[in-house]
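Asks: Test case, fold it:
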Amino acid sequence: MNSRRSWIIFAVACGAYAIAILQRTSLGVAGVDATDRFSISAAMLSSLAVVQLIVYAGLQIPVGLLLDRVGPRVLILSGAALMVVGQTTLALAPGIGIAIAGRILVGAGDAMTFISVLRLLNNWFSGRKLPIVSQWVGTIGQTGQILSAIPLSILLHQAGWEPAFLSAASASLLAFILVAIFVRNGTPVHTGSIPVGPIRVMTQLKESLSRPGTRLGFWSHFVTQSSGNVFSLLWGFPFLSVGLGYGPATASLLLTLIVISGGVMGPILGLITARYPMRRSNVVLGVVVAMAIAWTIVLAWPGQPPFWTVILLLVVIAVGGPGSVIGFDFARTFNPMRNLGSATGIVNVGGFLASFIMMFIIGVVLDALDTAHGGSGDPSTLYSLDSFRIAFLVQYVVVGGGVIMLLRARKQTRQRLHEQEGIQVAPVWVALMRAWRKRHR
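Replies: You can find the predicted model right below:
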């Protein structure tokens, strides 16, 4: 644990995850080219992105169960191999049907990577280093989005579709080779009690879900990751470029600010959660409150919101990415090692479930408002600032419901912690008062 070899494995695993993020976000810089290449509409183009994310979320629990049985190394290798095949298929696809099949493979490979890397870290790190390196994984992994936004975009527009996506496929091939050479599972995978039949699989899932700590992790992920996901993967670009009138170039540059800000905040949140493990839920709630305030400033500002308010919004919602990693720390803390994969998979569904809900409803609201204004379908009307002010209110409802469920799960988790281990977690204001009195004695 925490050895030199641990850090080598950490570096290779982080590289594999960053490359997975590159594959996940690669289509975002190729939308116009895909429209021309496959002669498709915007709705059909969106299906390429949506189907990948649906596959990713849908496979989290099955992959988590498989992770408990075969270990992280096999799944990271399998994920890299699937992404090689998927991106190669997309590069050579003659039509949209084959292209969708390629993105399904990319989504499946991506689904195997992140939770496997987190499980790998549990085998090689311990103590206070574990939550810190877990945050670093998320931070380093997001550099993959920068790789797709800059070098892949340049290659796409200079060399063309096939060289760009074949190069992306080769990056996953490199990840496969490095993982095969350097990565080992570490702590032996315990397979004796791992379920193999449908009944035993459902029993294990029920066991993981029965722990309030797992549910606390799920709702923590639900409320923190979703706003940034919705913004980065779908609605941020039209909001910035059309709604606020910044144009495509400035909108693309601003989206990279989310990655940079998340990278800065990730290690800070890792240190906080490592130092104050009993206050992790307060950190999650603090992130959610900060995002709500930032959104309110931008959406409620009379007329065009100032540029500084938009910068503030992007910096704050970026914190939701590393904030969501706290959900996995709950899964690690409140589950035995034999169930850690399934519990991590359950948690990872949370943010994507909220993202799907909000993405869809925001689109429905925008379409309804456009119809109310005559139904022209023109981007200047469809994506107007006034329409976004209303559509983005969906977040308050969805995330607000998630906060209620989080508070409920936290109460149950603290009750069980008190019953089983005799640990009483006082309200944060009580803890602050005790600290203040101790300091001023």
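Asks: how many other residues sit next to the nearest residue to Leu22 once chain neighbours are set aside?
Replies: Counting by CB to CB, 6 or more residues apart in numbering, Leu22 lies nearest to Gly144, which is 3.9 Å off, once chain neighbours are set aside. C-betas here are computed from N, CA, C, even on glycine. Neighbour count of Gly144, defined by other CB atoms under 10 Å: 23.
Asks: and Gly144, what does it touch?
Replies: Tyr17, Ala18, Ile19, Ala20, Ile21, Leu22, Gln23, Arg24, Thr25 (CB atoms under 8 Å, 6 or more residues apart in numbering).
Asks: try 10 Å
Replies: 15, 17-26, 152, 171, 259 (CB atoms under 10 Å, 6 or more residues apart in numbering).
Asks: again with Ser380
Replies: Ser380 makes contact with Val242, Gly243, Gly245 under the criterion CB under 10 Å, 6+ apart.
Asks: Any chance of a PyMOL selection covering the buried ones in these?
Replies: The buried subset of the contacts of Ser380, as determined by 16 or more other CB atoms under 10 Å, is captured in PyMOL by this line:
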select buried, resi 242+243
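Asks: Nearest to Ser210 among the contacts of Ser380?
Replies: Using CB to CB, Gly243 comes nearest to Ser210 of those, at 44.1 Å.
Asks: Confirm for me that that closest one is in contact with Tyr383.
Replies: Yes. Using CB atoms under 10 Å, Gly243 makes contact with Tyr383 at a distance of 5.3 Å.
Asks: Switch the contacts of Ser380 over to JSON lines; also include secondary structure.
Replies: Rendered in JSON lines, the data for the contacts of Ser380 read as follows (DSSP: H, G, I helix; E, B strand; the rest coil):
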{"residue": "Val242", "secondary structure": "helix"}
{"residue": "Gly243", "secondary structure": "helix"}
{"residue": "Gly245", "secondary structure": "coil"}
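Asks: Just send the contacts of Ser380 back as JSON lines, with distance to Ala80 too.
Replies: Converted to JSON lines, the contacts of Ser380 look like this (distance: CB to CB, whole Å):
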{"residue": "Val242", "distance to Ala80": "37"}
{"residue": "Gly243", "distance to Ala80": "38"}
{"residue": "Gly245", "distance to Ala80": "41"}
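Asks: closest to Pro212 among the contacts of Ser380?
Replies: Nearest to Pro212 among the contacts of Ser380, with distances taken as CB to CB, is Gly243, at 40.1 Å.
Asks: Can you check the pLDDT for that closest one?
Replies: According to the prediction, Gly243 has pLDDT 89.
Asks: ok, it - contacts?
Replies: Applying CB under 10 Å, 6+ apart, the residues near Gly243 are 235-237, 251, 304, 379-380, 382-389, 391-392.
Asks: so where's the stretch 201-350 of the chain shaky on pLDDT?
Replies: The model of the stretch 201-350 of the chain has pLDDT under 70 over residues 201.
Asks: residue boundaries of the helices in it?
Replies: 212-230, 236-238, 248-275, 280-300, 307-318, 320-333, 340-372 (DSSP state H, counting those that start in this stretch).
Asks: how many degrees apart are the longest one and helix 212-230 in direction?
Replies: Using axes from the mean of the first three to the mean of the last three CA atoms, to 10 degrees, the direction of helix 340-372 lies 40 degrees away from that of helix 212-230.
Asks: Show me what counts as buried in helix 340-372.
Replies: By neighbour count on 16+ other CB under 10 Å, the buried set for helix 340-372 is 340-359, 362-363, 365-366, 369-370.
Asks: Now do that helix: distance to the chain's middle.
Replies: 12 Å (CA atoms, centre = their mean, to the nearest Å).
Asks: relative orientation of that helix and helix 320-333 in degrees?
Replies: 150 degrees.
Asks: right, and the helix or strand after helix 340-372?
Replies: Using DSSP states H and E, the next helix or strand after helix 340-372 towards the C-terminus is helix 379-382.
Asks: check contacts around the residue nearest to Leu271 when sequence neighbours are not counted.
Replies: For Leu271, ignoring the flanking residues on the chain, the nearest one in space by CB to CB, 6+ apart is Ile132 at 6.3 Å. By CB under 10 Å, 6+ apart, the contact set of Ile132 is Phe125, Gly266, Pro267, Leu269, Gly270, Leu271, Ile272, Thr273, Ala274, Arg275.
Asks: In terms of pLDDT, where does Ile132 sit?
Replies: Value listed for Ile132 in the pLDDT field: 79.
Asks: Pull out the buried members of the contacts of Gly243.
Replies: The neighbour-count test (16+ other CB under 10 Å) marks 235-237, 251, 382-385, 387-389, 391-392 as buried among those.
Asks: Make CSV out of those and add distance to Gly327.
Replies: CSV is the format used below for those (distance: CB to CB, whole Å):
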residue, distance to Gly327
Trp235, 23
Gly236, 22
Phe237, 27
Ala251, 29
Leu382, 34
Tyr383, 32
Ser384, 35
Leu385, 33
Ser387, 32
Phe388, 28
Arg389, 30
Ala391, 26
Phe392, 23
